[in-house]
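*Asks:* I'd like to go over a predicted model; first the sequence, then the structure.
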Amino acid sequence: MKRSRILQAGAEALAVGGVADLDLNQIAATVGLKPSSLRYYFKNREALAEAIYLERLEEVGEGFDRVRDSRSLEEAVETLCRIEIDHRAQETEGYSSRKPQFGEVRTLSKERRSRVGARFEQVMVQANELFARHNVQIPDAMRFLPAQILLENLFWIPAWIDHFSDWEFPKVASDLARVLCGGIAQDGATFEWDMMAGEGSDLASENGRVDGFLRTATQLVCERGYRGTSIDEIAARLGLTKGSFYHHNSEKIALVQQCFEESYERVSQLQREASERFCDPLDRIATVLGSIISIQMRQEMPIIRSSALPGLPRDLRMSIIGRAAPLDRWFVAELVAAHRRGQATDVDPFIAAQFVSVSANAAYDLARLYRCEPSERNIGLVMEHLFRGFAI
């Protein structure tokens, strides 16, 4: 019972911050324990964070057990979406603790990260079993592609569900399930797309070493999160001293902020160029998404994903969230235009925009964790899942 209360209080803290924000003394006070009593259960904040993540994955696994006998894939996926949305409703009403995002797993020690990763892969296998029961063809070269898209979207629901009132939740779950299973394109709709120039992004090479810091910091934030990115490691990867870092950069937080701003500027540039090059909204969307997927899978200079936000200081986090808003709005506007032309499915365009954005960025983990090659075929497979859904 005490352990459960500690996990609930810890999950609340982890959901609004990062692993570094798990103050064991404060959590002990919240649940009415002495700090020494709490440390009987969890010796340090990393041990607590690991337990929170493992418990969260147990809950997700139980969700897949619940939908084992669903009559259709869309029914199963809608139920999974509704479970996550209902969690949020219970949190708002004070009946449940907040659920943590998984971005901060990257800041844990290698041993703890491996244990959480192993449990996560078990959930991925459960997702694949669900797809197999409903005759979804899973490509051999990307065996976790549909599972990754499904789980990323389930975990991302808390980031945007507050845009809706609770009476809208059933339709929200239905719409998200529809784009997951059927994609954003209407049956029979066709699209063309080009890989935008500079998708590998050699950032302003004339800046030389400064760009090296930016590139290396971006790679580390994507791999380890903000808290897991250290000045020592940035310098070491570049073969430089810590003093060299401070010669070119004022502090880590300023460099990380620049990394986020650069990522969003690159997406904005892709959107602008696609808007200028294509008249058809579905072609514009496809060109931006295809370019993002390519960037993420190549890993040379990935776009920092929103899952890296929880570990940032609050003021910086809110500033970065505000900076991302126009990028989401562009997807919404293009989806509305595509629907008017009979090209896009008739779901809420805000939900569809969240789906394509998080799914395209998730291609980074397909390459980093599951060694999926950034081949034209694999990029095309990710695109097909976004436009045609799971049952392609």
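*Replies:* Received it, and whenever you're ready, just let me know what you need. Numbering: from 1, shown residues only.
*Asks:* Point out where the stretch 201-350 of the chain drops to low pLDDT.
*Replies:* Across the stretch 201-350 of the chain, the ranges flagged by pLDDT under 70 are 201-210.
*Asks:* those helices in it, which residues are they?
*Replies:* Along the stretch 201-350 of the chain, counting by DSSP state H, counting those that start in this stretch, helices occupy 209-224, 231-237, 242-248, 252-277, 281-298, 314-340, 349-361.
*Asks:* could you point out which element follows the last one?
*Replies:* Okay, so that is helix 349-361. Using DSSP states H and E, the helix or strand that follows helix 349-361 towards the C-terminus is helix 363-368.
*Asks:* closest one to residue 46 among the helices of the stretch 201-350 of the chain?
*Replies:* If you check each of the helices of the stretch 201-350 of the chain against residue 46 by C-beta to C-beta, helix 209-224 wins as the nearest, at 13.5 Å. Where you see a C-beta, it was placed from the backbone N, CA and C, and this is true even at glycine.
*Asks:* what angle do that closest one and helix 252-277 make?
*Replies:* Helix 209-224 and helix 252-277 are oriented at 90 degrees to each other (axes from the mean of the first three to the mean of the last three C-alpha atoms, to 10 degrees).
*Asks:* tell me which strands and helices helix 209-224 is in contact with?
*Replies:* Helix 209-224 sits against helix 231-237, helix 242-248, helix 252-277, helix 363-368, with contacts defined as 3 or more C-beta pairs under 8 Å, 6 or more residues apart in numbering; DSSP states H and E.
*Asks:* Ranking those helices by mean neighbour count, which comes first?
*Replies:* The highest mean neighbour count among those belongs to helix 363-368 (a mean of 22), with neighbours defined as mean count of other C-beta atoms under 10 Å.
*Asks:* coming back round to it: switch the helices and strands packed on helix 209-224 over to TSV; also include distance to residue 6.
*Replies:* Formatted as TSV, the helices and strands packed on helix 209-224 follow (distance: least, C-beta to C-beta, whole Å):
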stretch	distance to residue 6
helix 231-237	31
helix 242-248	37
helix 252-277	30
helix 363-368	30
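*Asks:* so which of those gets nearest residue 343?
*Replies:* helix 252-277 (15.2 Å).
*Asks:* Quick one: closest of the helices of the stretch 201-350 of the chain to residue 374.
*Replies:* Distances from residue 374 to each of these were compared using C-beta to C-beta; the shortest belongs to helix 281-298, at 3.6 Å.
*Asks:* So which bits of the closest one are buried?
*Replies:* The neighbour-count check on helix 281-298 (16 or more other C-beta atoms under 10 Å) flags 281-298 as buried.
*Asks:* Distance check, the residue nearest to residue 3 when sequence neighbours are not counted against residue 112.
*Replies:* Sequence neighbours aside, residue 41 is the residue nearest to residue 3 in space, at 5.2 Å (criterion: C-beta to C-beta, 6 or more residues apart in numbering). Between residue 41 and residue 112 the distance is 16 Å, computed by C-beta to C-beta, to the nearest Å.
*Asks:* Show me which of these two is the more surrounded one.
*Replies:* The neighbour count for residue 41 versus residue 112, taken as other C-beta atoms under 10 Å, is higher for residue 112 (19 against 14).
*Asks:* now the more buried one, nearest residue through space, not along the chain?
*Replies:* Closest residue to residue 112 in three dimensions, ignoring its sequence neighbours and counting by C-beta to C-beta, 6+ apart: residue 50, at 4.5 Å.
*Asks:* secondary structure element for that neighbour?
*Replies:* When secondary structure is defined using DSSP H and E, the element that contains residue 50 is helix 45-66.
*Asks:* Packing partners of that helix?
*Replies:* The elements that helix 45-66 packs onto, with contact taken as 3+ C-beta pairs under 8 Å, 6+ apart, are helix 2-16, helix 24-30, helix 73-92, helix 110-133.
*Asks:* Contact partners for the most centrally placed residue in the chain?
*Replies:* What sits nearest the mean C-alpha location of the chain, by C-alpha atoms, centre = their mean, is residue 307, with 4.8 Å. Residues in contact with residue 307, defined by C-beta atoms under 8 Å, 6 or more residues apart in numbering, are 101-103, 155-156.
*Asks:* Of the residues you listed, which is the nearest to residue 340?
*Replies:* When the contacts of residue 307 are ranked by distance to residue 340 (C-beta to C-beta), residue 156 comes first, at 26.7 Å.
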